[in-house]
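In: Quick one, fold the following:
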Amino acid sequence: MSFVLAFAYRVDGGGEEEFERVYGPRGEWAALFARADGYLGTELHRSVETPGAYLVLDRWSDAAAHRAFLAEHGAEYERRAAGTAALYDGEERLGAFEAVA
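Out: Numbering: from 1, shown residues only. Below is the predicted model:
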């Protein structure tokens, strides 16, 4: 099974490089998630239609692995979220998804 959290971001001109560095598959968020069992990776997609629009997909083995990560690293997650919020102008959680067999 696979569990994916999907987020849409809006980054206005000039901050794209830093956003991509932090939110990319080898970025700071991925490094934090990699401390947990069940983390499978992060995908960062840049829109080809809308400048500054991004899609982030965080992949986990299942929802329980993500919950365990939050239980163990929730405080650091919140601190990091507050610290990186200046990198984007808008964030939308699109939802949590499971793979269909």
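
In: Let me see the residues that make contact with the lengthiest helix in the chain.
Out: Criterion DSSP state H: the longest helix present in the chain is helix 63-84. Contacts with helix 63-84, where a contact means Cβ atoms under 8 Å, 6 or more residues apart in numbering, come from 3, 5, 22-23, 28-29, 32-33, 35-39, 60, 96, 98. Yep, even glycine has a C-beta here, placed from its N, CA and C like the rest.

In: all strands of the chain, in order?
Out: 3-10, 39-46, 53-60, 90-98 (DSSP state E).

In: Using JSON lines, lay out the ones you listed together with mean neighbour count.
Out: Output for these, formatted as JSON lines (neighbours: other Cβ atoms under 10 Å):
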{"stretch": "strand 3-10", "mean neighbour count": "17"}
{"stretch": "strand 39-46", "mean neighbour count": "16"}
{"stretch": "strand 53-60", "mean neighbour count": "19"}
{"stretch": "strand 90-98", "mean neighbour count": "12"}
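
In: before we move on, back to that, may I see the buried residues of the longest helix of the chain?
Out: 65-66, 69, 73, 84 (16 or more other Cβ atoms under 10 Å).

In: Extract the C-alpha set from stretch 27-36 and format it as PDB.
Out: This file holds the C-alpha atoms of stretch 27-36, laid out as PDB (Å, rounded to 0.1, in the frame of the first residue of the first chain):
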ATOM      1  CA  GLY A  27      15.500  19.200   0.800                       C
ATOM      2  CA  GLU A  28      15.200  20.000   4.400                       C
ATOM      3  CA  TRP A  29      11.700  18.600   4.700                       C
ATOM      4  CA  ALA A  30      12.700  15.300   3.100                       C
ATOM      5  CA  ALA A  31      15.600  15.100   5.500                       C
ATOM      6  CA  LEU A  32      13.300  15.500   8.400                       C
ATOM      7  CA  PHE A  33      10.800  12.900   7.100                       C
ATOM      8  CA  ALA A  34      13.700  10.500   6.400                       C
ATOM      9  CA  ARG A  35      14.200  10.100  10.100                       C
ATOM     10  CA  ALA A  36      11.000   8.000  10.200                       C
END
